[in-house]
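Peer 1: got a predicted structure here, sequence first:
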Amino acid sequence: MKAAKFYAAKDIRIDEISEKEISLHKVKVEVEWCGICGSDLHEYVAGPLNIPGNVVLGHEYAGTVVEIGEEVRTVKVGDRVVVETLRSCGECEYCLEQRPQLCDNIGIQGLTEDGGFATYAVADEKYMHVLPDHLSLEHGALVEPAAVAHHAVKNSKLKAGNSCVVFGAGPVGLLVTAMAKIKGASQIIVVEMAEERRNRAMKVGATHIINPLEVDVVSKIKELTGDKGVDVAFEAAGVQPTFVAAMEALKKGGELMIVAMYEKEVSIMLNEFIISEKSISLSFAYANNFKEVIDLFAEGKVNLETFVTKKIYLDDIKDEGFESLIHDKSQCKILVTPKKENVYALQTK
């Protein structure tokens, strides 16, 4: 079967590899769509950072069950599923506390083991989530990044009626914006340089948008919040300037929730923040968020049509996928399919 394998920075290749066989509790999924994640992009640009070489990327995938192991009971052939790709042992103290994202033996399918940029992917049945009939597989591929955003907002101090700011309107930043709206935030300020991304932010729930190239971000946020600052700042950009601005934009006692992954170190003088008792929290991946996200999607709580900007064939993943995300900041979520007919159907509409 075809698969997109990562070898080193800027080195991703379409290879022919053997299909994985299934065992008692395993499920084989024919992949329909798989999203390119910011984590994938970090690895492509500067990796390997957190993954070994020679691995099939892709951890945001949805497809159809084509084969099941003898003891599989929760899904059947023909089911349309999204696959939870965080891997945990289920036995360490963190797993027993229902915090699988902190597992001592954590893995992520598509980063530490072969993932969804392939014709087929195999995973244990416990990671399968059947999609409602009216939710498309294309939208199913958005469940994983939405779970990341849902986890961050759910575990932040944000309450209904609070104000917040989101730095960065890439896919996760936009999904954080949508989740903040669902949680009932009264003010949702989004900071983003790219015009098309700012427009998308308004469509998913932002009440105000700021172009950091035009105004002083912190001053504008203070103006919008009666000179107090926001209750919660979500940092989804992953660079030094946004990290500092997010801290400075907080009100006294406010919380900085970091959702981004960073390629470089960041630094800050903390004295000012110590005396105002601002706090820093961090959010990694998700913890049992998939069902809630699927329910939100099924209920129409998230404007899903806003996120997908491009759909491409697996063979074109490097130039039309990764390179496009690097050079074209109007792109948001690019979905990849191993089925050529999917792209052909789009081109002939």
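Peer 2: Structure received.
Peer 1: now the stretch 101-250 of the chain, which segments are flagged as low pLDDT?
Peer 2: The model of the stretch 101-250 of the chain has no residue with pLDDT under 70.
Peer 1: the stretch 51-200 of the chain: strands as residue ranges?
Peer 2: Listed from the start of the chain, the stretch 51-200 of the chain has strands (DSSP state E, counting those that start in this stretch) covering 55-56, 61-68, 80-83, 86-87, 107-108, 120-124, 128-130, 163-167, 187-191.
Peer 1: let's have these in a markdown table, adding mean neighbour count.
Peer 2: Just so you know, the C-beta spots here come from the backbone N, C-alpha and C atoms, and that holds for glycine as well. Compiled in a markdown table, the strands of the stretch 51-200 of the chain are given as follows (neighbours: other CB atoms under 10 Å):
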| stretch | mean neighbour count |
| --- | --- |
| strand 55-56 | 22 |
| strand 61-68 | 22 |
| strand 80-83 | 25 |
| strand 86-87 | 22 |
| strand 107-108 | 16 |
| strand 120-124 | 22 |
| strand 128-130 | 18 |
| strand 163-167 | 31 |
| strand 187-191 | 26 |
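Peer 1: so which of those comes closest to K310?
Peer 2: Closest to K310 of the strands of the stretch 51-200 of the chain is strand 61-68 (CB to CB; 16.4 Å).
Peer 1: now find how far off-centre that closest one is within its chain.
Peer 2: Centre-to-centre, strand 61-68 and its host chain are 21 Å apart (CA atoms, centre = their mean, to the nearest Å).
Peer 1: quick one: list the elements packing against it.
Peer 2: strand 26-35, strand 80-83, strand 120-124, helix 137-140 (3 or more CB pairs under 8 Å, 6 or more residues apart in numbering; DSSP states H and E).
Peer 1: make a markdown table out of these and add distance to K340.
Peer 2: Formatted as a markdown table, the helices and strands packed on strand 61-68 follow (distance: least, CB to CB, whole Å):
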| stretch | distance to K340 |
| --- | --- |
| strand 26-35 | 12 |
| strand 80-83 | 20 |
| strand 120-124 | 15 |
| helix 137-140 | 16 |
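Peer 1: possible to save the strands of the stretch 51-200 of the chain as CSV with distance to F297?
Peer 2: Shown next, in CSV, are those (distance: least, CB to CB, whole Å):
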stretch, distance to F297
strand 55-56, 26
strand 61-68, 11
strand 80-83, 10
strand 86-87, 19
strand 107-108, 22
strand 120-124, 20
strand 128-130, 11
strand 163-167, 20
strand 187-191, 19
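Peer 1: wait, what's in contact with the most centrally placed residue in the chain?
Peer 2: The residue lying closest to the centre of the chain (CA atoms, centre = their mean) is P145, at 2.6 Å. P145 sits next to 35, 37, 60, 171-172, 175, 333 when contact means CB atoms under 8 Å, 6 or more residues apart in numbering.
Peer 1: cool, K339 as well?
Peer 2: Counted by CB under 8 Å, 6+ apart, K339 has contacts E32.
Peer 1: for M193, same thing?
Peer 2: Contacts of M193 by CB under 8 Å, 6+ apart are 211-213, 329.
Peer 1: helices of the stretch 151-300 of the chain, start to end?
Peer 2: 171-183, 195-204, 217-224, 240-248, 271-274, 290-298 (DSSP state H, counting those that start in this stretch).
Peer 1: surely L314 and I12 touch.
Peer 2: No - under the criterion of CB atoms under 8 Å, L314 makes no contact with I12, lying 10.9 Å away.
Peer 1: find residues that contact each of those two.
Peer 2: With CB under 8 Å, 6+ apart as the test, L314 and I12 both reach A4.
Peer 1: of the helices and strands packed on strand 61-68, give the one that comes closest to I188.
Peer 2: helix 137-140 (22.2 Å).
Peer 1: who's in contact with the closest one?
Peer 2: 32-33, 62-64, 80-82, 131, 297, 304, 308, 311, 335.
Peer 1: tell me, how many residues neighbour G254?
Peer 2: G254 has 25 neighbouring residues, counting by other CB atoms under 10 Å.
Peer 1: how about the contacts made by it?
Peer 2: Taking CB under 8 Å, 6+ apart, one finds 229-233, 278-279 in contact with G254.
Peer 1: just these: which are in strands?
Peer 2: Judged by DSSP state E, those include 230-233, 279 as members of strands.
Peer 1: now A4. Nearest residue, chain neighbours left out?
Peer 2: F117 (3.8 Å; CB to CB, 6 or more residues apart in numbering).
Peer 1: so the one you found makes contact with H59?
Peer 2: No - F117 lies out of contact with H59 (CB under 8 Å); the separation is 9.3 Å.
Peer 1: common neighbours of those two, please.
Peer 2: Joint contacts of F117 and H59 (CB under 8 Å, 6+ apart) are G110.
Peer 1: more crowded one of the two?
Peer 2: F117 (31 against 26).
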